[in-house]
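**Student:** Any chance you could fold what I've pasted below:
(2 chains)
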Amino acid sequence: MVLKSAKNVAENPIGSPFMITLRYFAQLRETLDCGEETMQWQEHINTVAALKTQLSQRASHHTNHSHNHLYNDQWQKAFNGNILCAVNQEIAQDNHPIQDNDEVAFFPPVTGG
Amino acid sequence: MMDKINSQHNPLHNSLHNTLHNHIRIQENDFNVGDEHTALQQDAPSIGAIVTFTGLVREFTKGEDTQLFLEHYPAMTEKVLNNIVKQATQRWGIISTRIIHRIGHLSLGEQIVFIGVNSPHRADAFAAATFIMDFLKTDAPFWKKEITPKGEAWVDAKDSDASARKHWLDNTERTL
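**Tutor:** Predicted coordinates for the structure are as follows:
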């Protein structure tokens, strides 16, 4: 079972940690000042809902952003708003599992055509 | 992304399955509708009907010089559009489809999107083209930003697009 072994690998300084890729689009990309990042997969962020909670509580020292206070607030606001999530390029609901190597994207409702 | 759609029985589908051509392009450059029409004709020279739709950049705010910026999520766009075409193919007797969507900066009046459907019968061609366009609007990961001299703003999703999509799932009448 992948989920069981993940923690051990993540804690192993020799082995490579399990990673997920996060992508943000449109106004979310602009608001968060981030288009793409990688994040270490952890046992407690194994669903879309858990990942959203984790990101919305992001500490202000997460990146080199110059407006730390504003930045923190923006993550909370962004993940409380009307956003969609795709796991490996397919729309995923809050209970969708997240595993090592997944690409998880967050974006507003689409407006093409 | 796509809901399960109630497929109608489609005897044409099986016999033509191997000859279906689906063509999807995402590009910054403009396209020529005439060339696309010719390509659809060449997919099946003896077929009965071609329906095409071309979407243009319209004036969002009256009297404003509107420009659009379009971005998308490339890997997902490809998956979603392929899935939409697959659903249309299962539902109607269509021979081939062509979808083009532009990205980047576009000015007022420019072509944004093209849908072309080739079928033995006009009713199937019209319905499939409308279906593909309705689902593209609600499911394909494109986002528009409107840029005017007064500033810029991301365009909000419209309820009318969501309800157009819903008609196909409910099998209720689709009003245009």
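**Student:** who's residue 97 bridged to?
**Tutor:** Going with chain A. residue A:47 (DSSP bridges).
**Student:** that's the wrong chain, I wanted chain B
**Tutor:** residue B:22, residue B:117.
**Student:** which residues does it contact?
**Tutor:** B:21-23, B:85, B:88-89, B:115-118, B:128, B:132 (Cβ atoms under 8 Å, 6 or more residues apart in numbering or on different chains). From N, CA and C alone the C-beta is placed, and that goes for glycine too.
**Student:** Tabulate these in JSON lines, adding columns for pLDDT, distance to residue B:37 and neighbour count.
**Tutor:** Converted to JSON lines, the contacts of residue B:97 look like this (pLDDT from 0 to 100; distance: Cβ to Cβ, whole Å; neighbours: other Cβ atoms under 10 Å in any protein chain shown):
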{"residue": "B:21", "pLDDT": "83", "distance to residue B:37": "14", "neighbour count": "14"}
{"residue": "B:22", "pLDDT": "90", "distance to residue B:37": "16", "neighbour count": "16"}
{"residue": "B:23", "pLDDT": "95", "distance to residue B:37": "13", "neighbour count": "15"}
{"residue": "B:85", "pLDDT": "97", "distance to residue B:37": "18", "neighbour count": "25"}
{"residue": "B:88", "pLDDT": "96", "distance to residue B:37": "19", "neighbour count": "23"}
{"residue": "B:89", "pLDDT": "95", "distance to residue B:37": "20", "neighbour count": "21"}
{"residue": "B:115", "pLDDT": "98", "distance to residue B:37": "12", "neighbour count": "23"}
{"residue": "B:116", "pLDDT": "98", "distance to residue B:37": "7", "neighbour count": "24"}
{"residue": "B:117", "pLDDT": "97", "distance to residue B:37": "11", "neighbour count": "29"}
{"residue": "B:118", "pLDDT": "95", "distance to residue B:37": "10", "neighbour count": "28"}
{"residue": "B:128", "pLDDT": "97", "distance to residue B:37": "16", "neighbour count": "24"}
{"residue": "B:132", "pLDDT": "98", "distance to residue B:37": "16", "neighbour count": "23"}
